[in-house]
Every structure is written in structure tokens, then in C-alpha cells.
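Trainee: Fold the following.
(one chain, ligands or ions: 2)
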Amino acid sequence: MKGINTISGWLKIDKPIIISGPCSAETEEQTIATAKQIAATGKVHALRAGIWKPRTRPGQYEGAGDIGLQWLAAAKKETGLPITTEVANAAHVEASLKAGVDILWVGARTTVNPFSVQEVADSLKGVDIPVMVKNPVNPDLELWIGALERLHKAGIKTMAAIHRGFSSFEKGPFRNLPMWDLAIELKTRFPELEIICDPSHISGNRDLIAFVSQKALDLDMAGLMIESHINPDAAWSDAKQQVTPAVLGKILSDLVVRQASTDNKTFKDTLSILREQIDTLDDEIMQKMSARMKISEKIGQYKKDNNVTILQVNRWEEIVKTRVALCKAMGMDEGFTRDLLRLIHHESIQVQTKVMNQVEERV
Ligand code: PEP
Ligand code: MN
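Mentor: Ligands and ions are numbered 1, 2, ... in the order given. Below is the predicted model:
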């Protein structure tokens, strides 16, 4: 994907891009009142609202349909905020373009389906409109990239990705697991592509939104999409995760916006000294790791010669116990130590398995 234009550039604003509004447009009054109050914070750049709601289970509010677009258009007229909504098929695209929607987004349940994404992309051929693509519900980076590529191939130049977390069977503090690594990998592969975080759908609970928003900005994400509602508890969808415009204003003003880099010379010099120290330590770690694996290889050979199994549970338990205690004493996180040991042990077993299964050359 070459030549991606940014949404912040298109909106002519400095990052972070802030998009807010209700999960769903419910009534004309609710849409316009929410829009007016979030516009009054002076911190929001675009108004969001779902018109067609893809619900996981039937019987939930499925959106206002086409009439809702008129409410969004009226809210835009009142506040001057550009408007954005979710589209899942060609009919949604056609109705949205007709109503003057400024930015479209593809939802998580649509991104998983290449047929639907292709239908949306085909209906956008020759149309110059920014499109944002939410990550698929499952943690599949290729599917996310595939959807962006389909739109880009159809001629969409102004694009962003929206990180809204990933579904999981296990229930933790988040509605959707953030799995930040996937978003970081996307950013590494496409540095020009802006990623907007959706802390509302990650959190599923309004109390976590400030924390997730700050984390997203600290990971250099380009903006936030936060659901807001004049009366969140009475919302027809996603009630628990929506915030009032007043709370939204507070979350936004409490955010610490750090810059991705600075021209300050002292900062640059100090950083490069620290980075040199990291480089030296990384070299040492890698050399030690290589030496450790060579010993594993020898152990593998020795076990093979003596017909002994690779896995020695007692030894492994002893390693974990002693290393965890040592690292704890040195102020390191226990979870990190365990993850690291697991990785090293896994590789060590691989190395020994290779030795074990090598066919001896017969002379
Ligand atoms: C939404 O933005 O309201 C929505 C349905 O989100 P997602 O596609 O992330 O589930
Ligand atoms: Mn929602």
C-alpha cells in the first residue's frame, strides 16, 4: 500500500484525532444533543454514530436505518463537525454518500468477511472519501491488512485503521483483549497508516476508558474514537461503555499528549548514550543466549548417548524457582521472568530434539 494519506491531514488538525458520539443514533434529539455537547468541549474533531448496527445476537437494537443519516446530517449542520458512520454493504455506502457522510468506517464484524469488504470497496470505486477499517473480531493481522488493501486497490487513498481489540472466550477486565502487539506490528509494516484506538469497545466499561486512551497515546497511536451519549445508562446499545459529554471532556483534558520525537539536543544526546548502553547489553544477552543453546546441544547429545528423555520436569521446576526468586530480588516483574524462561526452555527443547533425531552418519 503506497501513498496512504492521513485522516489528520484530511481533517487539517494536529494529532491526536478525536472522534466521538453515540454507539447508535437512537433519535434525532439524542443525536443532535450529543453532538452539540461534545462539540462544546472544543476537543472533538468528528462525530460518530452507528446507523446500521451489526448485533451479535438478534433482538438487540439494530439501528435507526436510513432516517438516522438525516439526524447525523442535521447534527453536522448544527455543529460543523464532520460525520462518520459504519458501512457494511453497498447500500449503506450509497445511502451514506447521498446523506453527505464525510468519513466511513468498516466494522469489526465486516472486516472478517472479504466478500463484504470487497462489496464495500467496489461501491467506492471513483469516490474520494476517507475510510477507517476496524480490526477483525479475531486477532488476524493479515485479515485486517487485507481489508485495508481491498479499499486501497479500489482507489481509496485516505485511510486509517481502528484498533478496537479482539474477542476472546476468556473474560478478563476488558470486553475485547487489546493485544497491543498486533497494532504495533501493523504500524511497523505500514508506518504511514494512522491507527486510531477505540478504547470504548476495548474496555466495554466506562471506568477503563481513560486508562486505555492514555496507553494508546503512549504507544503513539494517532487518535481515539470514544463513544459518548447524553444519557449513557439509558443507551439502546453499549450502555456500560458510553460516557456523558462532560466525562468525555474530562477524559480528554486529563490525557497527556507526548510527542513522537523532539529536536531538543540534550534529549537526543542523552537518548543516544542510553541506546548505546542498550545495544551493548543486547549484544551480551545474545552472545550468552547463543552460548546457552550450544550447551543445550551438548546436553542433547549426552542424553541421547545415555538414552535419557529430553524433558526433565524436576530440573525445569528448579530453574523456574531459582530464576524467578533471583529476578524478583533484582526488581524484575515475575510474569516477564516466567515468559522469558518459557521461551528459552522451549528453544532449548527444540535444539535438543534436533540433536536427538539426527541420524548418525555411518562410516
Ligand atoms: C461500534 O463502533 O459501535 C461497533 C459496532 O464497533 P465494532 O465494529 O468495533 O464492534
Ligand atoms: Mn458500540
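Trainee: Point to the residue nearest the middle of this structure.
Mentor: Geometric centre of the chain, nearest residue: His163, 3.0 Å, by CA atoms, centre = their mean.
Trainee: Bridged to that one, which residues?
Mentor: Taking DSSP bridges as the rule, His163 bridges to Cys197.
Trainee: Tell me the spacing between it and Lys98.
Mentor: The gap separating His163 from Lys98 is 30 Å, by CB to CB, to the nearest Å. C-beta: built from backbone N, CA, C; applies to glycine.
Trainee: Could you report the pLDDT at Glu361?
Mentor: Note for Glu361: predicted pLDDT of 60.
Trainee: okay, now the domains of this protein?
Mentor: As given by automatic domain parsing, the domain ranges for the chain are 7-254, 265-356.
Trainee: Write out the residues of this protein neighbouring ligand 2.
Mentor: With CB under 5 Å from the ion as the criterion, the chain comes near ligand 2 at residues Cys23, Asp238.
Trainee: let's see 6 Å
Mentor: Within the chain, the residues that sit near ligand 2 (CB under 6 Å from the ion) are Cys23, Glu227, Ser237, Asp238.
Trainee: next structured bit after the one helix or strand Ser290 maps to?
Mentor: Using DSSP states H and E, Ser290 sits in helix 265-305. Later in the chain than helix 265-305, the nearest helix or strand by DSSP H and E is helix 313-329.
Trainee: mind exporting the very next helix or strand once past that following helix as CSV, just the C-alpha atoms?
Mentor: Using DSSP H and E, the helix or strand that follows helix 313-329 in sequence is helix 334-357. The C-alpha trace of helix 334-357 is given here as CSV (Å, rounded to 0.1, in the frame of the first residue of the first chain):
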residue,chain,number,x,y,z
GLU,A,334,7.6,-12.1,37.8
GLY,A,335,5.4,-12.6,34.8
PHE,A,336,8.1,-11.3,32.5
THR,A,337,10.6,-13.7,34.0
ARG,A,338,8.3,-16.6,33.6
ASP,A,339,7.6,-15.7,30.0
LEU,A,340,11.3,-15.3,29.2
LEU,A,341,12.2,-18.6,30.8
ARG,A,342,9.4,-20.4,29.0
LEU,A,343,10.7,-19.1,25.6
ILE,A,344,14.3,-20.1,26.5
HIS,A,345,13.2,-23.5,27.6
HIS,A,346,11.1,-24.0,24.5
GLU,A,347,14.1,-23.2,22.3
SER,A,348,16.4,-25.4,24.4
ILE,A,349,14.0,-28.4,23.9
GLN,A,350,13.9,-27.7,20.1
VAL,A,351,17.6,-27.7,20.0
GLN,A,352,17.8,-31.0,21.9
THR,A,353,15.1,-32.6,19.8
LYS,A,354,17.0,-31.8,16.7
VAL,A,355,20.2,-33.5,18.1
MET,A,356,18.1,-36.4,19.4
ASN,A,357,16.6,-37.1,16.0
